[in-house]
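Enquirer: sequence and predicted structure are below.
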Amino acid sequence: MAGFDWFWNALGGKSGRNQKRSLAIVDRAQAASADLSRLDDAALAARARELAASGSLSDPGEFLAILGVASERRLGLSPFPVQSQAVLRLLEGDVVHMATGEGKTLVGAMAATGFALMGKTVHSITVNDYLATRDAEWMRPLVEFFGLSVAAVSEGMDSVARRQAYACDIVYAPVSEIGFDVLRDQLVTRRGEAVQHGADVAIVDEADSVLVDEALVPLVLAGNQPGRAPRGKITDLVRRLKENEDYTVDDDRRNVYLTDKGAHKLETALGVGSLYDDEHVGTTLVQVNLALHAHALLIRDVHYIVRDGRVALIDASRGRVAELQRWPDGLQAAVEAKEGLAVTEGGRILDTITLQALMGRYPMVCGMTGTAVEATDQLRTFYDLRVSVIERNKPLRRFDEQDRIYATMAEKNRAIIEEITEINALGRPVLVGTHDVAESEELAGALRERDIEVSVLNAKNDAEEARIIAEAGDIGRVTVSTQMAGRGTDIRLGGADEADHGAVVDLGGLAVIGTARHRSQRLDNQLRGRAGRQGDPGLSLFFVSLDDDVVVSGGSGEEVSAQPDATGLIDSGRIRDWVEHCQRVTEGQLLEVHSQTWKYNRLLADQRVIIDERRARLLDTDQAWRELADREPARAAELDALDESTRVQAARDIMLYHLDFNWAEHLALMDDVRESIHLRAIARETPIDEYHRIAVREFKDLAQRAFNDAVATFRDVTIDADGAHLDEEGLSRPSATWTYMVSDNPLAGGGNSVISGIGNIFR
């Protein structure tokens, strides 16, 4: 490792002196373990609290040793030296790069316990309910050894249960639940109604997924309000349009454009003079573009499935159903209309926050993943986080075969089936990573025609994930999965009980086959990492065709010639380099999109901080009453007979209502500006600069408008012993709210078509 110090430092990784210091501390921890293990539980816990009493560690080596002894006593798990090293790097604020199967769950629990002993509240952030609940219960004995409390937050919990959970020292929760609770808390009118109050530290499991893949996914809180959808006639007309004649789609299938012929065809059928007249641009043309986007770019069983009479989006980074995700209301409705389903009620967005902005609320963020090095640039650029590479406990024995490249998709698919058939004939388990539901089912069907028993894990049966993954390493198993099968769980050789571990090792371990390269090498490596855990043997092999999305998109505008053999196989170093080049291009594209999108999001995130601070002052003090009384002293005098707490709360309700309403209006306005901002380029203005100018101007008006509206309401609304009767003035908050994630993240794609957001349909 020492010989590569310059490399890791260039990447922004923690190496050199920091890594050497970490290893020296771990050595001291190993040496101290024997003496510490002689202490009883109470003395051990007391010593840990003593070492962390100042809010930092007076002797990190001894502290790590205590955590290790406690883990062995309560969990039966004695951490490897590399795990102790990872704990130390987390405690110092890094993202640690640890391979699959190296014990990240224990590392995260030890680090969370360490932070909590230093007096910090900790959110241990996972990617789903299952992992949050599992890890909290699994690690509870370790946490409680030190007199600390731990709980998990999951989707089905009510506000009372959430409030109790968040009161614990360590809280395990999916990132979406934490975000939604933040949004809901931003609508409370009494501090006691809030369920959480933030935390000092976020420890992010699968950090690359949360901090990079889904960083720009907005979490949305909506209130009931009728939405808009393309009329049935428009949906029917768009369905009849022909690609490359009535509309065109760009090379990476992110944008769709009506041709003059297509526009004329629609104008004639709808009986309108021009779709681009002022009277139609904001109505009919919007509905046409929504229907066209749904028709041409969103593919059933790739981007979504239809289940139980409703559209369910597929999380592109995991290949699973995203239960809480929907597209912006107009597009969601357009897909529902396309599928002939009942169009769901739309909603008025009350508040929204991206995962990246959510992470920015924590004073300290650290995390773990098996593919951190590949995300180093993003982690450093957007979070100022450094990566620490933790060596494997046992040497890697997995063989990563060079890609097999074919001229056409059909030739590649035939070769994949042949390869799986040959491996299966030996009894060796195979995990096949596909890119979407349709591909997984088509491949499984082809294998079954050869009498090969196949387990399929995709968005249509993701509830069975734990069972399928538990047996994926057993003799003779063939598992076909979309994207990251079982992240957070290990595929154990020989089945869940590892009864046939030795036999599978003799066969060469788990064979992982990728049916195409992803748009990022990091996603390839996530799939590779399913094999070769804890020194087990394994194989990874990717198949590529020159028709694959990553090659077509990354090589757009360039031509390459090759000489395939009779099966279509291309054995050429030059073509192999070309495929690598195409993937690097798509990685660069994704990073640039992230960078540009964050420039738009960052200003709103800064404005949200100002709103949050204003809201906190109104909630926690009598400032609302003082401001309104100063402005309307006569009205304030009329209310002198009321109890002071009643008067203060009435003023608070009024001020908060108008602050929240105007913030929601601001978000809606800036969303409209964002969708049309590209038009500013026509006027030779820089879109991002113009967006910022508008956002700053409108935000200044927001504060004054919210205050003026509150003054007017204070003057006229009925205020009595029951408080301010806002409902009587038509100022009631929504009777129903719901949360969802807007699937407009351009970074979410793994290799097939990815939409880049509703804004693109207007380009």
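Expert: Nice, I can see it.

Enquirer: how near is residue 357 to residue 313?
Expert: 22 Å (Cβ to Cβ, to the nearest Å). Where you see a C-beta, it was placed from the backbone N, CA and C, and this is true even at glycine.

Enquirer: quick check: domain ranges of the chain?
Expert: Here the domain parsing of the chain from automatic domain parsing is 9-221+356-389, 232-345, 397-554+562-576, 598-737.

Enquirer: I'd like to know which elements the longest helix anywhere in the chain is packed against.
Expert: In the chain, with assignment by DSSP state H, the single longest helix is helix 573-620. In terms of contacts (3 or more Cβ pairs under 8 Å, 6 or more residues apart in numbering; DSSP states H and E), helix 573-620 is packed against strand 347-354, helix 355-359, helix 376-383, strand 404-406, helix 549-554, helix 644-676, helix 687-716.

Enquirer: packing partners for the shortest one?
Expert: The one in question is strand 404-406. Under the contact criterion of 3+ Cβ pairs under 8 Å, 6+ apart, strand 404-406 touches helix 409-425, strand 537-545, strand 569-570, helix 573-620.

Enquirer: and that strand, how far from the chain's centre?
Expert: 32 Å (Cα atoms, centre = their mean, to the nearest Å).

Enquirer: ok, the residue nearest to residue 59 when sequence neighbours are not counted - contacts?
Expert: Excluding the flanking residues, the one nearest residue 59 by Cβ to Cβ, 6 or more residues apart in numbering is residue 51, at 5.7 Å. Taking Cβ atoms under 8 Å, 6 or more residues apart in numbering as the criterion, residue 51 is in contact with 57, 58, 59, 62, 63, 66.

Enquirer: try it again with 6 Å
Expert: By Cβ atoms under 6 Å, 6 or more residues apart in numbering, residue 51 lies in contact with 57, 58, 59, 63.

Enquirer: the closest residue to residue 357 other than its chain neighbours: neighbouring residues, count only.
Expert: Distances taken as Cβ to Cβ, 6+ apart place residue 605 nearest to residue 357, at 4.1 Å, with adjacent residues excluded. By other Cβ atoms under 10 Å, the residues close to residue 605 number 16.

Enquirer: doesn't residue 356 make contact with residue 605?
Expert: No. If you go by Cβ atoms under 6 Å, residue 605 and residue 356 don't touch, sitting 7.9 Å apart.

Enquirer: my guess is residue 473 contacts residue 490. True?
Expert: No. Judged on Cβ under 6 Å, residue 473 makes no contact with residue 490 at a distance of 8.6 Å.

Enquirer: which parts of the stretch 151-300 of the chain are strands?
Expert: Here the stretch 151-300 of the chain has its strands, by DSSP state E, counting those that start in this stretch, at 170-174, 201-205, 218-224, 247-249, 256-258.

Enquirer: can you tell me which of the ones you listed is most buried?
Expert: strand 170-174 (a mean of 27; mean count of other Cβ atoms under 10 Å).

Enquirer: ok, it: who's next to it in the sheet?
Expert: strand 122-126 (parallel), strand 150-152 (parallel) (DSSP bridges).

Enquirer: pick the most buried one from these.
Expert: Most buried among these, counting by mean count of other Cβ under 10 Å: strand 122-126, with a mean of 28.

Enquirer: what is the mean pLDDT for it?
Expert: Mean pLDDT, strand 122-126: 96.

Enquirer: name the next helix or strand downstream of the longest helix of the chain, please.
Expert: The C-terminal neighbour of helix 573-620 among helices and strands, as given by DSSP states H and E, is helix 623-631.

Enquirer: list the buried residues in the following helix or strand past that next one.
Expert: Toward the C-terminal end, the helix or strand that comes next after helix 623-631 (DSSP H and E) is helix 633-638. For helix 633-638, a neighbour-count test (16 or more other Cβ atoms under 10 Å) marks 635, 636 as buried.

Enquirer: give me the residues contacting helix 633-638.
Expert: By Cβ under 6 Å, 6+ apart, helix 633-638 touches 629, 715.

Enquirer: next one: stretch 147-166
Expert: Looking at what lies outside stretch 147-166 - Cβ under 6 Å, 6+ apart - the contacts are 116, 129, 132-133, 136, 140, 143, 168-173, 177, 195-196.

Enquirer: could you pull up the mean pLDDT of it?
Expert: Stretch 147-166 comes out at a mean pLDDT of 94.

Enquirer: check stretch 269-280 too.
Expert: On average, the pLDDT along stretch 269-280 is 78.

Enquirer: which stretches of the stretch 1-150 of the chain form helices?
Expert: With DSSP state H, counting those that start in this stretch as the criterion, the stretch 1-150 of the chain has helices at 5-11, 16-36, 41-51, 60-75, 81-91, 104-117, 129-145.

Enquirer: can you redo those as CSV with distance to residue 350?
Expert: Shown next, in CSV, are the helices of the stretch 1-150 of the chain (distance: least, Cβ to Cβ, whole Å):
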stretch, distance to residue 350
helix 5-11, 41
helix 16-36, 44
helix 41-51, 43
helix 60-75, 43
helix 81-91, 35
helix 104-117, 32
helix 129-145, 24
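
Enquirer: which of the contacts of stretch 147-166 lies closest to residue 650?
Expert: Residue 650 lies nearest to residue 195 out of the contacts of stretch 147-166, by Cβ to Cβ, at 24.1 Å.
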